[in-house]
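Asker: Got a predicted structure plus its sequence, pasted below:
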Amino acid sequence: MESIPTGERILMDMLVVLPDDWETRAEVIRETGRKVLGVSSGRRKEDKETWWWNEEVQDSIQRKRLAKKKWDMNRTEENRQEYKELQRRVKREVSKAKQKAYDELYTRLDTRDGEKDFYRLARQRARDGKDVQQIRVIKDRDGRVLTSEESVQRRWKEYFEELMNEENEREKKSRRGDVQSCSNYREIKLMSHTMKLWERVVEARLRKVVEICEQQYGFMPRKSTTDAIFALRILMGKYRDGQRELHCVFVDLEKAYDRVPREELWYCMRKSGVAEKYVRVVQDMYERSRTVVRCAVGQTEEFKVEVGLHQGSALSPFLFAIVMDQLEEVRQEPPWTMMFADDIVICSESREQVEENLERWRFALERRGMKVSRSKTEYMCVNEREGSGTIRLQGEEVKKVQEFKYLRSTVQSNGECGKEVKKRVQAGWNGWRKVSGVLCDRKISARIKGKVYRTVVRPAMLYGLETVSLRKRQESELEVAELKMLRFSLGVARLDRIRNEYIRGTAHVGRLGDKVREARLRWFGHVQRRESEYIGRRMLDMELPGRRQRGRPKRRYMDVINEDMKLVGASVEDAEDRDRWKEMIR
């Protein structure tokens, strides 16, 4: 039997003793709170702007309330006049206090200490601008709308109790975007801060002993979504240039985290080399777990949770990676198989082979208690010839698409990036609308507006563009959208005939095209400095037989990189020196 160090043995003993004592104390506190304070129905009170209140306002309001009670008890003209006078005085005091508070707020927003207040104000105004802030009705499994609080609570309990306790439940198809459908909501488990810290400690220790396969890019050190997006885009570009077919299947798992059987998790942890003491620690986190659903109409009854990982847990992503790591019989080296948590892409040169690989993945996943979503799994063929057909999964035809949103970046079967540019523009406008309540406030300085734009809106527009070979027209499309946002924010119309350079200078915002080029070169330098086995290096160095199509050649990624390096006077060798490369590309 494995020996456990003294310090860790004490910690393990504490884990056994603490829960009973804690449950007793917690239940006493909860029961006392219910008796003394009562139970809230969950109804959200209307937000009143009281942050600007001061003592004068509170004193005036209190005297007005007393005058109102006095008038209600004795309806004389004298009491009525006293109440009306105090009512007018309160309005004057409120107006003065609000104006003074807003003046101080706008002055504070122009300082470094006021930045947090600015973003909090932006979030508050975005919430106030929503048409619907809470959904208090829901549909049952037959599509009937439930309106009473008791029936809504029962429905939420029924839905999540089934979801969290049935392994491999049959997929439910629902209309996307239906706010009254339970399946369009994702649960987040609320845990104590102590548990979150403990999970971080356990995760750090597990990462030291478990080595995850190179095909997994989700929540792994030195890996991100950009690595997988870049590898897939370069691979698709290589096959397009060689006029060869590439078949890709984007596999989606149905409720992946909620479907992992607990016994399968313990088995995968042990097989990955995790010490038994840490397996017992994780088991203790999940043992006898019970939960309630907190919704807009209150809190449901308690129910047990016997299947799946905790959503919102710091440890769950790594536990899921351990389970996926044990699919050794179906994994291929990247880029033919790439995983980002539960997002899987399978690539092959032939339709028959990718269909066979998909079937093997389905069998391996379902054997472990998980399920491939038939409605969300999609198939794409790059450089498709006539009559290449589609693929099937257990006799059911897989949906064939010309574009797919992979890790929030749109890839197209023809290797172009026009749809991705439009998506980036749309994402930018979505981000702009969230903070438009403050960006369009004339009392806020242009400098602060420019800073908010650079930190909130622009990152949404730049996401994933370091992996894309943009054309000049597409760069212009992005810059036009950016200037529209800046003009709206600064209150400048096209008829004012103010030049774009002045708009950018006022907001302290550089050209978006320059930022795209900087991001592209920064990413290229990162790829060049990585080891030769790195997937990005392998994709750039990959050579395929075949000839490029006749006529005007398509722009390749390295063509754009060479143009960028020529513009800044850099070479590939300069990328080896990180500090020098950083200075050159800016």
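Answerer: Arrived safely.

Asker: Next SSE downstream of whichever strand or helix holds Thr226?
Answerer: Here Thr226 sits within helix 225-241, counting by DSSP states H and E. Past helix 225-241, further along toward the C-terminus, the next helix or strand under DSSP H and E is strand 246-252.

Asker: pLDDT of the host helix or strand of Gln124, averaged?
Answerer: The secondary structure element spanning Gln124 is helix 115-128 (assigned by DSSP H and E). Over the span of helix 115-128, the pLDDT mean works out to 74.

Asker: Partner strands of the helix or strand that it is followed by and their direction?
Answerer: As assigned by DSSP H and E, the chain's next helix or strand after helix 115-128 is strand 138-139. Neighbouring strands of strand 138-139 in its sheet, by DSSP bridges, are strand 145-146 (antiparallel).

Asker: circling back: so what secondary structure elements neighbour the helix holding Gln124?
Answerer: In terms of contacts (3 or more Cβ pairs under 8 Å, 6 or more residues apart in numbering; DSSP states H and E), helix 115-128 is packed against helix 77-109, helix 418-434, helix 436-439, helix 446-452. Yep, even glycine has a C-beta here, placed from its N, CA and C like the rest.

Asker: packing partners for the shortest one?
Answerer: Here helix 436-439 touches helix 115-128, helix 446-452, helix 472-490, going by 3+ Cβ pairs under 8 Å, 6+ apart.

Asker: any chance of these in TSV, with distance to Tyr217 and mean neighbour count too?
Answerer: Formatted as TSV, the helices and strands packed on helix 436-439 follow (distance: least, Cβ to Cβ, whole Å; neighbours: other Cβ atoms under 10 Å):
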stretch	distance to Tyr217	mean neighbour count
helix 115-128	30	15
helix 446-452	31	19
helix 472-490	27	18
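
Asker: Turn these into CSV, columns for distance to Arg511.
Answerer: Putting the helices and strands packed on helix 436-439 into CSV (distance: least, Cβ to Cβ, whole Å) gives the following:
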stretch, distance to Arg511
helix 115-128, 25
helix 446-452, 13
helix 472-490, 7
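
Asker: Please name whichever of those helices is nearest to Ala314.
Answerer: helix 115-128 (23.8 Å; Cβ to Cβ).

Asker: so how far is that closest one off the chain centroid?
Answerer: Centroid separation between helix 115-128 and its chain, computed with Cα atoms, centre = their mean, to the nearest Å, is 19 Å.

Asker: That one vs helix 418-434, what angle?
Answerer: Orientation of helix 115-128 against helix 418-434 (axes from the mean of the first three to the mean of the last three Cα atoms, to 10 degrees) gives an angle of 100 degrees.

Asker: what sits up against helix 115-128?
Answerer: Identification of contacts with helix 115-128 by Cβ atoms under 8 Å, 6 or more residues apart in numbering yields 47, 105, 108-109, 133, 433-435, 437-438, 444, 448, 451-452, 456.

Asker: Out of those residues, the closest to Glu386 would be?
Answerer: Arg433 (43.4 Å).

Asker: how close does the closest residue to the closest one other than its chain neighbours sit to Glu55?
Answerer: Closest residue to Arg433 apart from its sequence neighbours, by Cβ to Cβ, 6 or more residues apart in numbering: Ala126 at 8.0 Å. According to Cβ to Cβ, to the nearest Å, Ala126 and Glu55 sit 31 Å apart.

Asker: Report the residue spans of the stretch 151-300 of the chain with pLDDT below the cut-off.
Answerer: Flagging of the stretch 151-300 of the chain using pLDDT under 70 yields the residue ranges 166-177.

Asker: Distance-wise, check the nearest residue to Leu105 once chain neighbours are set aside relative to Arg108.
Answerer: Once flanking residues are discounted, Leu105 sits nearest to Asp117: 6.8 Å by Cβ to Cβ, 6+ apart. Computed as Cβ to Cβ, the Asp117 to Arg108 distance reads 6 Å.

Asker: Repeat that for Glu77.
Answerer: 46 Å.

Asker: Between these two, tell me which one has more neighbours.
Answerer: Arg108 (13 against 8; other Cβ atoms under 10 Å).

Asker: Closest to the centroid, which residue in the protein?
Answerer: The residue lying closest to the centre of the chain (Cα atoms, centre = their mean) is Arg408, at 9.5 Å.

Asker: That one contacts Gln426, correct?
Answerer: No: between Arg408 and Gln426 there is no contact under Cβ atoms under 8 Å: 11.9 Å.

Asker: where does this structure have low pLDDT?
Answerer: 1-21, 40-51, 128-134, 166-177, 387.

Asker: repeat that for 80
Answerer: Filtered on pLDDT under 80, the chain yields the residue ranges 1-23, 38-52, 105-106, 109-135, 163-179, 183, 186-189, 296, 386-388.

Asker: Walk me through the domains of it.
Answerer: Split into domains by automatic domain parsing, the chain comes to 52-103, 193-412, 418-544+554-585.

Asker: Report the distance from the second one to the chain centre.
Answerer: In this case it means domain 193-412. Using Cα atoms, centre = their mean, the offset of domain 193-412 from its chain centre is 16 Å.

Asker: for the first one, same thing?
Answerer: When distances are taken as Cα atoms, centre = their mean, domain 52-103 is centred 47 Å away from the chain's centroid.

Asker: got the contact list for the residue nearest to the centre of the chain?
Answerer: Neighbours of Arg408 in contact, by Cβ under 8 Å, 6+ apart: 225, 463-464.

Asker: By neighbours, which of those wins?
Answerer: Gly464 (23 neighbours).

Asker: Show me where the stretch 151-300 of the chain has its helices.
Answerer: For the stretch 151-300 of the chain, helices defined by DSSP state H, counting those that start in this stretch occupy the ranges 193-209, 225-241, 256-259, 262-271, 276-286.

Asker: Give me the contacts around the second one.
Answerer: With Cβ under 8 Å, 6+ apart as the test, helix 225-241 has contacts from 217, 245-246, 248, 334-335, 338, 340, 345, 347, 382-383, 406-409, 411, 414-415, 464, 466-469, 523, 527, 535-536, 539-540, 542, 544, 546, 548-549, 554, 556-557.

Asker: Tell me what angle that helix forms with helix 418-434.
Answerer: Going by the same axes, to 10 degrees, helix 225-241 makes 150 degrees with helix 418-434.

Asker: on that earlier part again, with distance to Val293 as extra columns, can I get the contacts of Arg408 in a markdown table?
Answerer: Listed next are the contacts of Arg408 as a markdown table, based on distance: Cβ to Cβ, whole Å:
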| residue | distance to Val293 |
| --- | --- |
| Thr225 | 31 |
| Tyr463 | 33 |
| Gly464 | 35 |
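
Asker: Take the contacts of helix 225-241 and keep only those in strands.
Answerer: 246, 248, 338, 340, 345, 347, 382, 406, 409, 411 (DSSP state E).

Asker: Compile these into JSON lines and extend it with columns for distance to Lys304 and neighbour count.
Answerer: Below are the ones in strands among the contacts of helix 225-241 laid out as JSON lines (distance: Cβ to Cβ, whole Å; neighbours: other Cβ atoms under 10 Å):
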{"residue": "Leu246", "distance to Lys304": "46", "neighbour count": "25"}
{"residue": "Cys248", "distance to Lys304": "40", "neighbour count": "25"}
{"residue": "Met338", "distance to Lys304": "36", "neighbour count": "27"}
{"residue": "Phe340", "distance to Lys304": "31", "neighbour count": "21"}
{"residue": "Val345", "distance to Lys304": "36", "neighbour count": "24"}
{"residue": "Cys347", "distance to Lys304": "41", "neighbour count": "24"}
{"residue": "Val382", "distance to Lys304": "47", "neighbour count": "21"}
{"residue": "Tyr406", "distance to Lys304": "37", "neighbour count": "22"}
{"residue": "Ser409", "distance to Lys304": "39", "neighbour count": "23"}
{"residue": "Val411", "distance to Lys304": "42", "neighbour count": "26"}
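
Asker: what's around Gln216, how many residues?
Answerer: 22.

Asker: sorry, back to before: now, among the ones in strands among the contacts of helix 225-241, which is nearest to Val398?
Answerer: Cys248 (11.3 Å).
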